[in-house]
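*Asks:* Here you go, sequence then predicted model.
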Amino acid sequence: MKAMVLTGLRQLEIVEKPVPELTKPDEVLVRMKSVGVCGSDIHYYRDGRIGSQIVKYPFTVGHEGAGIIEKKGPGVKHLKPGDRVAVDPAMPCFECDQCKQKRFHTCRKLKFLGCPGQAEGCFSEFIVMPETSCIKISDHMTLDQAALSEPLAIGMYAVHLAGSVKGTKIGILGSGPIGISVMLCARALGCETIYMTDKIDQRLELASQMGATWTGNPDTSDIISGIWKNEPLSLDLVFECCGKQEAADQAVKLLKPGGALLIVGIPEFHRWSFDTDDLRRKEILIKNVRRQNEMTEKTIKMIEEGKIVPDKMQSHTISFDRIGEAFDLVDNYRDGVMKAMIRFGQ
């Protein structure tokens with residue numbers, strides 16, 4: 001089979017590998033059909049690491065995937081060859097203290113697709129997964145939509161952590177795929193007032209098309225005064241979705257007393273800093289959002305029901321043999337890219 005491997009900083013190759021074998025009774029072999037290029041894949045491609053997670057070359061990234069069951073182990077109960085599935089990249093142990101508290105995303109023995117030291121990723125023609133990480137999709141749901149359920153599930157989890165968003169006024173700082181995912185999920189769950197920012201005007205245009213109430217570019221306008229003009233009492237919630245210190249600073253200013261900041265973006269630096277006077281006087285709550293704990297099935301159901309329509313996120317569709325072009329496109333924010341999807345075969 002063919003697989004993409006990172007071989008150095010900003011270097012990748014398509015190589016031949018053996019098709020992986022099923023080694024446990026609850027495993028399935030998945031023929032990959034659609035995989036999204038994520039910002040975290042680009043971190044590994046460009047920097048060779050995310051924090052303490054350091055790539056050892058060669059290594060395959062990729063975790064936003066969907067495909068078709070090719071083969072199943074004797075212990076698989078709910079899937080069969082030919083089933084179309086969304087792949088949840090998390091593979092928890094279900095036995096540790098974190099799993100027993102239903103914190104599967106912080107499992108002590110977690111394996112996550114495309115994460116160094118844990119599991120090879122899914123930019124590969126075939127992967128082996130436990131049955132528990134594969135969700136069968138309906139006939140009318142596309143495999144691209146199924147792959148998009150992974151970033152959307154992160155947005156769903158972020159909104160879940162924020163509590164009820166119905167009737168709230170929220171800000172989303174960063175209108176890339178994760179910011180759009182938060183917005184779509186918040187709207188689906190009843191939020192009607194959403195302020196979004198980004199430094200790329202094409203992303204702001206798409207955010208407006210998909211349901212943002214107001215958009216602004218911090219490079220060309222005063223974001224804080226612009227939002228305060230409409231919301232003099234400030235915002236209930238702000239989701240930081242770009243991993244930038246200046247966005248976190250804006251978030252604290254934009255929040256009303258008792259508001260909450262949810263940090264979803266992955267920064268390239270090691271420490272956040274905050275204005276302690278504002279933070280303390282307004283009693284701002286800060287929550288970190290770690291992936292999409294058990295939100296994949298809920299997200300897929302909402303896509304199937306038409307409550308979330310993610311299709312406009314998919315700005316580019318690129319064949320697997322041109323994956324290098326896709327990584328360069330996303331790395332350099334070229335051609336108005338929002339989400340580049342890699343297609344395998346026909």
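*Replies:* That came in fine, so what should we check first?
*Asks:* check contacts around residue 202.
*Replies:* By C-beta atoms under 8 Å, 6 or more residues apart in numbering, residue 202 lies in contact with residue 336. For glycine as for every other residue, the C-beta is placed from the backbone atoms N, C-alpha and C.
*Asks:* gap between residue 43 and residue 97?
*Replies:* From residue 43 across to residue 97, the span is 29 Å (C-beta to C-beta, to the nearest Å).
*Asks:* higher neighbour count, these two?
*Replies:* residue 43 (20 against 10; other C-beta atoms under 10 Å).
*Asks:* tell me the SS of that one?
*Replies:* helix (DSSP: H, G, I helix; E, B strand; the rest coil).
*Asks:* what do you get for residue 67?
*Replies:* At residue 67 the chain is in strand, as set by three-state DSSP.
*Asks:* now stretch 35-51, how far from the centre of its chain.
*Replies:* Centroid displacement of stretch 35-51 relative to its chain, using C-alpha atoms, centre = their mean, to the nearest Å, is 12 Å.
*Asks:* mind checking the end-to-end distance for it?
*Replies:* 24 Å (C-alpha to C-alpha, to the nearest Å).
*Asks:* residues in contact with it?
*Replies:* Contacts of stretch 35-51 (C-beta under 8 Å, 6+ apart): 6, 8-10, 12, 54-55, 59, 61-66, 114, 116, 121-123, 147-148, 150-151, 176-178, 266, 268, 270, 326-327, 330-331, 339-342, 344.
*Asks:* switch to 7 Å and redo it
*Replies:* Residues outside stretch 35-51 that contact it (C-beta atoms under 7 Å, 6 or more residues apart in numbering) are 6, 9-10, 12, 54-55, 61-65, 114, 122-123, 147-148, 150-151, 176, 266, 326-327, 330-331, 339-342.
*Asks:* Show me which positions of that stretch end up buried.
*Replies:* Within stretch 35-51, the residues that count as buried by 16 or more other C-beta atoms under 10 Å are 35-45, 48, 50.
*Asks:* Tell me the one among the residues you listed nearest to residue 81.
*Replies:* Checking the buried residues of stretch 35-51 against residue 81 by C-beta to C-beta gives residue 35 as the nearest, at 20.3 Å.
*Asks:* Now pLDDT and distance to residue 202 too, for the buried residues of stretch 35-51, in CSV please.
*Replies:* As requested, the buried residues of stretch 35-51 are exported to CSV (pLDDT from 0 to 100; distance: C-beta to C-beta, whole Å):
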residue, pLDDT, distance to residue 202
35, 98, 23
36, 98, 18
37, 98, 17
38, 96, 19
39, 93, 16
40, 94, 22
41, 97, 21
42, 96, 18
43, 95, 22
44, 97, 25
45, 97, 22
48, 96, 29
50, 93, 26
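*Asks:* In strands, which of the contacts of stretch 35-51 fall?
*Replies:* Per DSSP state E, strands hold the following members of the contacts of stretch 35-51: 6, 12, 54, 64-65, 339-342.
*Asks:* Just the closest of these to residue 278, please.
*Replies:* Each of those was checked against residue 278 using C-beta to C-beta; the closest is residue 339, at 34.2 Å.
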